[in-house]
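Novice: Sharing a sequence plus its predicted fold:
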Amino acid sequence: MDNNLPYVLVTGASSGMGKIIAINLSHRYNVVLHGRDEERLNQTKKECNHSNNCLIWAFDLTKLDNLEEELKYFMLNNTISIAHFVHCAGYMKLLPIKMISLENLNTSFQTNIFSAALIMKVLTSIKANGKSLKSVVFISSNISNRGAKAFSTYASTKGALDSLMRCLAMELAPRVRVNSVLPGAVKTEMTQAIFDDTQVADKMNKSYPLGVGDPMDIFEIVDFLLSDKSRWITGQQFTVDGGRSVNIAE
């Protein structure tokens, strides 16, 4: 590892948006790659700028009883502190209200919001991480401020994530900045099933003035928010959706 580079923890780095964000952050940071699948994380590591600048933390974010101790042990065992955190791990299963279950609710909230809160608890602990943490970005969704059929569970988790962001931004200022990014439709493994529906895909292409997004569009704003270029920004939601949220014609 390059001791001159700070560490950034990226959850959900085994695929999709998290993988792209982690790979591109590896040009400027030592990266802790988080995900459930160690084999896929190793593939991400191979694609990073310097693979020896990456560590792998394989952990299932639905196993919350052990999360705090596992993260503390990982940091202690690798003798690292973490300066930046990007919570990109996400679970989305679209269901109408009549079909939701407690299992679905638990998985969604544990992955999307509860784990973020517990990770923040560890990273802001002086005993576990000193005063290393500087900036945090939660990957939310533009559905956080809107409504759509079958999105009730997923949207609820993202709304909660944005509320957590605002409260932590106030609680942790001025030492730590906390912001969230609200992507619109971005083609990833998690959203591919939506785009496979040609009718839905056509509707999306028409309703996004700048077209459907790419994970690199999200990386660019994350990179900015982690950096000192955004030193006077905290507690904010950044909607990155190609103009969809202001398009009242669709």
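Specialist: The structure has been received and is ready for your questions.
Novice: Centroid-nearest residue for the protein?
Specialist: residue 88 (1.8 Å; CA atoms, centre = their mean).
Novice: I'd say that one and residue 8 touch.
Specialist: No - applying CB atoms under 8 Å, one finds residue 88 not in contact with residue 8, separated by 11.2 Å. (Glycine included, C-beta is placed from N, CA and C.)
Novice: give the contact list for the residue nearest to the centre of the chain.
Specialist: By CB atoms under 8 Å, 6 or more residues apart in numbering, residue 88 lies in contact with 10, 11, 12, 13, 17, 18, 21, 139.
Novice: helix, strand or coil for the nearest residue to it once chain neighbours are set aside?
Specialist: Computed as CB to CB, 6 or more residues apart in numbering, the closest residue to residue 88 that is not its neighbour in sequence is residue 18, at 3.6 Å. Following DSSP: H, G, I helix; E, B strand; the rest coil, we place residue 18 in the helix state.
Novice: Make sure residue 18 is actually in contact with residue 9.
Specialist: No - using CB under 8 Å, residue 18 is not in contact with residue 9; the gap is 11.0 Å.
Novice: anything in contact with each of those two?
Specialist: The contact sets of residue 18 and residue 9 overlap at residue 86 (CB under 8 Å, 6+ apart).
Novice: Past the least confident helix or strand in the chain by mean pLDDT, which element shows up next along the chain?
Specialist: Across the helices and strands of the chain, the lowest-confidence element by mean pLDDT, DSSP states H and E is helix 192-196, at a mean of 71. Using DSSP states H and E, the helix or strand that follows helix 192-196 towards the C-terminus is helix 198-207.
Novice: mean confidence for that following helix?
Specialist: Mean pLDDT, helix 198-207: 77.
Novice: Show me what that helix is packed against.
Specialist: Other helices and strands packing on helix 198-207, by 3 or more CB pairs under 8 Å, 6 or more residues apart in numbering; DSSP states H and E, are helix 192-196.
Novice: export the helix it packs on as CSV, just CAs?
Specialist: Extracted C-alpha coordinates of helix 192-196, given in CSV (Å, rounded to 0.1, in the frame of the first residue of the first chain):
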residue,chain,number,x,y,z
GLN,A,192,-30.5,-4.1,-16.0
ALA,A,193,-33.8,-6.0,-15.4
ILE,A,194,-35.6,-2.6,-15.7
PHE,A,195,-33.9,-1.8,-19.0
ASP,A,196,-34.6,-5.2,-20.4
